[in-house]
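1. quick check, what structure comes out for this input:
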Amino acid sequence: MPSEELLGEWQLQKNFDYAYDEYLKAHQDRVVSAIAAFKERLERTHFHYGRFAIPTFYKSHFLTPKQEHLIKRVSSTMTQILNTAIRLYFEEVHLSHLYRIPQDAAELIKIDPGYSQNVVFCRYNTMLEGERFKIMEFNVDSSAGAAYTDQVESLLMHEEPLRDFFHEYHLKGSQRVENILHALLETYEEFGGTETPTIAIMDWKHVRTMSEFEYLKSFFEERGYKTLIVDPREFGYKSGKLYHKNTRIHLIYRRAEFNELLERIDEIQDMIKAYRDRAVCMVNPLRSRLASTKAVLSILTNPEYDHFFTDNENKIKREHIPWTRRLADAEDFYGHKKIYLIDFLKDEKESLVLKPSSGSGGKDVTIGSETPDQDWNAALDKAVKGDWVVQEFVPIPIMTVPEVINGKLDFSYKKYNFNAYVFGGKYSGGLVRLSNESVINIARGGGLIPSLATEVIPERMEA
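-> Numbers count the residues shown, from 1 in each chain. As a prediction, this is how the structure comes out:
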């Protein structure tokens, strides 16, 4: 059973939601017209995924002070854990097979980036409810969404009908994009960069997150850093320096995913050579790929490898990462018992989730409790033949969001997950993704709202 303290924190979070909804109801006439104007303003920003505006709502997620402290504490320790997990690949050769890295990928991963951190940018995809904080996976390869969230947060916090509520509850925003720039510059300094850097935001042409890159470019340039949005194929390497056309590039903010770079390796040789020669500082480094696979969770949740981590790190792992195994390893350990894999996966279907180890966008994720036996068995057949993981199912929290239906204020229920941005080892703000489905992802038609933290708890909410 949850502790009274945990239940109290859960209730406090619910109280914030309730207080906000009641505030909207009390100002219904103004709110209904404000929601329509809010959506129109968003259309004029960079809040687009491809050609379409990202779905959002006239609401934020609310973090209590205790929740924010918990996230900061776990984020700091988890960064150390991830960096250790990556070092194991290089320092404990007998464990390298656990990462299932193909030879061509290994050649890129072993390149020394010229600075100490193996993971600089990360987004923890989590379930947060009360003090239950479970990290389902680490998005290290291309942790998108920070610029989107800053934009919708800024608009929301300047909404006149909401001003009194935000003031009463002392809600504060985050500076996610500012924190991206700070982490980039800090890494560049460690790399040995001495010139004011020209920054390249690197991803393929025509990706659907281009509007986010445009916002980042504008922000960086306002801070005095010339910034370009560059396709990896457009770099040129000559005389020991990396260029885009005639512009020298000192610092790359990598948003192109590792696997996509690998698939087009013959087309991006100038960029790879410059990275190998340390002619450019690229963040995240290519070796961060080791933390982006869900298979790393199989290492972090297996007690067999606890001796590589400190007592505090092991405590954090046990409390905040759900049991996860590569299917190739799952037969070896579950609850200190040997298991017969297929029987176990069928018998424990209601408490398990199947995921491709290197998947993204929620593709092929199968939740046992929501899947008919026949479909689950078909998913198992596919999973045991590939590189998949099985993970303990964590209940998905639900929140209300306001909507306007037939000119009147109404509320609907959405499932949500909490996404914590961790830049340079520090919690740097959060976003919440919402959906009607249990597999929550913007690419699958979900929505996005910011997470705001409060600095104080009104006495009437603590009672």
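2. use CA for all of it now, contacts and neighbours both
-> OK.
3. helix or strand for M399, which one?
-> When secondary structure is defined by DSSP states H and E, M399 falls within strand 398-405.
4. how about the contacts made by the residue nearest to G173 when sequence neighbours are not counted?
-> The shortest distance from G173 to any residue other than its chain neighbours is 5.5 Å, reached at L452 (CA to CA, 6 or more residues apart in numbering). When contacts are counted by CA atoms under 8 Å, 6 or more residues apart in numbering, L452 is found next to S60, H61, F62, L63, L171, K172, G173, S174, G430.
5. surely the third one meets D17?
-> Yes: at 7.4 Å, F62 counts as touching D17 under the criterion of CA atoms under 8 Å.
6. more neighbours: the two, which one.
-> Set side by side, F62 and D17 show more neighbours around F62, with 23 against 19, by other CA atoms under 10 Å.
7. model confidence for that one, exactly?
-> pLDDT, the model's per-residue confidence, is 94 for F62.
8. give me phi/psi at it?
-> The phi and psi values for F62, taken as degrees, to the nearest 10, are phi -120, psi 130.
9. so how far is F138 from the closest residue to it other than its chain neighbours?
-> By the measure of CA to CA, 6+ apart, the closest residue to F62 outside its immediate chain neighbours is L452, 5.2 Å from it. From L452 over to F138 the distance is 21 Å, taken as CA to CA, to the nearest Å.
10. thinking again about what came up before, list the buried residues in the strand holding M399.
-> For strand 398-405, a neighbour-count test (16 or more other CA atoms under 10 Å) marks T400, V401, P402, E403 as buried.
11. sheet partners, orientation included, of that strand?
-> Strand pairing for strand 398-405, using DSSP bridges, gives strand 408-423 (antiparallel).
12. following element in sequence after the partner strand, please.
-> Heading C-terminal from strand 408-423, the first helix or strand you meet, by DSSP H and E, is strand 426-435.
13. off-centre distance for that next one?
-> Here the centre of strand 426-435 is set off from its chain's centre by 7 Å, with CA atoms, centre = their mean, to the nearest Å.
14. from here on, call the first residue 7.
-> That works, and once the first residue is 7, the last one we named lands at strand 432-441.
15. ok so, going back, quickly find the element holding the residue nearest to G179.
-> Applying DSSP H and E, one finds L458 within strand 453-460.
16. look at the spatially most central residue of the chain and give its secondary structure.
-> Against the mean C-alpha coordinate of the chain, by CA atoms, centre = their mean, the closest residue is R129 at 2.6 Å. For R129, the assignment made with DSSP: H, G, I helix; E, B strand; the rest coil gives strand.
17. check the gap between it and G431 for me.
-> R129 sits 11 Å away from G431 when distances are taken as CA to CA.
18. over to I278?
-> According to CA to CA, I278 stands 26 Å off from G431.
19. likewise for G246?
-> Applying CA to CA to G246 and G431 gives a distance of 31 Å.
20. please apply the same query to E192.
-> Noted for E192: a distance of 12 Å to G431, by CA to CA.
21. how far off centre is the lengthiest helix in the chain?
-> When the chain is parsed with DSSP state H, its longest helix is helix 71-97. Computed by CA atoms, centre = their mean, the chain-centroid distance of helix 71-97 equals 14 Å.
22. ok, back up a step: per-residue confidence at the residue nearest to G179?
-> Checking the pLDDT column for L458, the value is 95.
23. check W394 too.
-> As summarised for this prediction, W394 has a pLDDT of 88.
24. quick one: residues contacting it.
-> Applying CA under 8 Å, 6+ apart, the residues near W394 are A301, R332, L333, L360, K361, P362, S363, S364.
25. distance of it relative to G198?
-> Taken as CA to CA, the spacing of W394 relative to G198 amounts to 39 Å.
26. buried ones in stretch 373-384, by neighbour count?
-> I373, G374, W382, N383.
27. quick one: N89 and S224, what's the gap?
-> In this view, N89 and S224 are 31 Å apart by CA to CA.
28. quick check: which element contains Y259?
-> With secondary structure defined by DSSP H and E, Y259 is part of strand 257-260.
29. helix or strand right after that strand?
-> For strand 257-260, the following helix or strand on the C-terminal side (DSSP H and E) is helix 264-269.
30. flag every buried residue along that following helix.
-> Using 16+ other CA under 10 Å as the burial criterion, the residues of helix 264-269 that qualify are F264, L267.
31. may I see the ChimeraX selection of the buried members of the contacts of W394?
-> In ChimeraX, this line selects whichever of those come out buried by 16+ other CA under 10 Å:
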select :301,332,333,360,361,362,363
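32. and of the contacts of W394, the nearest to K78?
-> Distances from K78 to these, taken as CA to CA, are shortest for A301 (24.4 Å).
33. tell me who's in contact with the closest one.
-> Contacts of A301 by CA under 8 Å, 6+ apart are L104, Y105, R331, R332, S363, W394, V395.
34. equivalent analysis for W210, please.
-> Counting by CA under 8 Å, 6+ apart, W210 has contacts V236, D237, P238, A262.
35. quick one: which of those has the most company?
-> In terms of neighbours by other CA under 10 Å, those top out with P238 at 25 neighbours.
36. thought that one was touching M208?
-> Yes: P238 is in contact with M208 according to CA under 8 Å; the separation is 6.2 Å.
37. what's the distance between the residue lying closest to I87 once chain neighbours are set aside and I402?
-> Counting by CA to CA, 6+ apart, the nearest residue to I87 once its immediate chain neighbours are dropped is E319, at 6.6 Å. Computed as CA to CA, the E319 to I402 distance reads 25 Å.
38. enumerate every residue touching D393.
-> Going by CA under 8 Å, 6+ apart, D393 touches R332, L333, A334, P362, S363, S364.
39. change it to 6 Å
-> Residues in contact with D393 (CA atoms under 6 Å, 6 or more residues apart in numbering) are S363.
40. circling back to that earlier point, quick one: the residue nearest to G179 from K421, how far?
-> With distances defined as CA to CA, the gap from L458 to K421 amounts to 18 Å.
41. what domains does the record give for this structure?
-> Listed domain ranges for the chain are 10-298+403-468, 329-398 (source: automatic domain parsing).
42. which of those sits closest to P309?
-> Go through the domains of the chain one by one with CA to CA and the one that ends up closest to P309 is domain 329-398, at 9.1 Å.
43. next one: the closest one to chain centre, how far?
-> Taking the mean C-alpha point of domain 329-398 and that of its whole chain, the gap between them comes to 22 Å (CA atoms, centre = their mean).
44. list phi and psi for the residue in the chain sticking out farthest from the centre.
-> With distances taken as CA atoms, centre = their mean, the residue sitting farthest from the centre of the chain turns out to be S245, at 37.5 Å. S245 adopts backbone torsions of phi 50, psi 40, taken as degrees, to the nearest 10.
45. then L386?
-> Dihedral angles for L386 - degrees, to the nearest 10 - are phi -60, psi -40.
46. can you report how many residues neighbour it?
-> Residues lying near L386 (other CA under 10 Å) number 19.
47. wasn't L248 part of a helix?
-> No: using three-state DSSP, the assignment for L248 is strand, not a helix.
48. what's next to stretch 83-98, contact-wise?
-> S102, N124, G431.
49. count of residues packed around the second one?
-> Translated: N124. Other residues lying near N124 total 25 when counted by other CA under 10 Å.
50. what residues are up against A285?
-> Shown in contact with A285 (CA under 6 Å, 6+ apart): K247.
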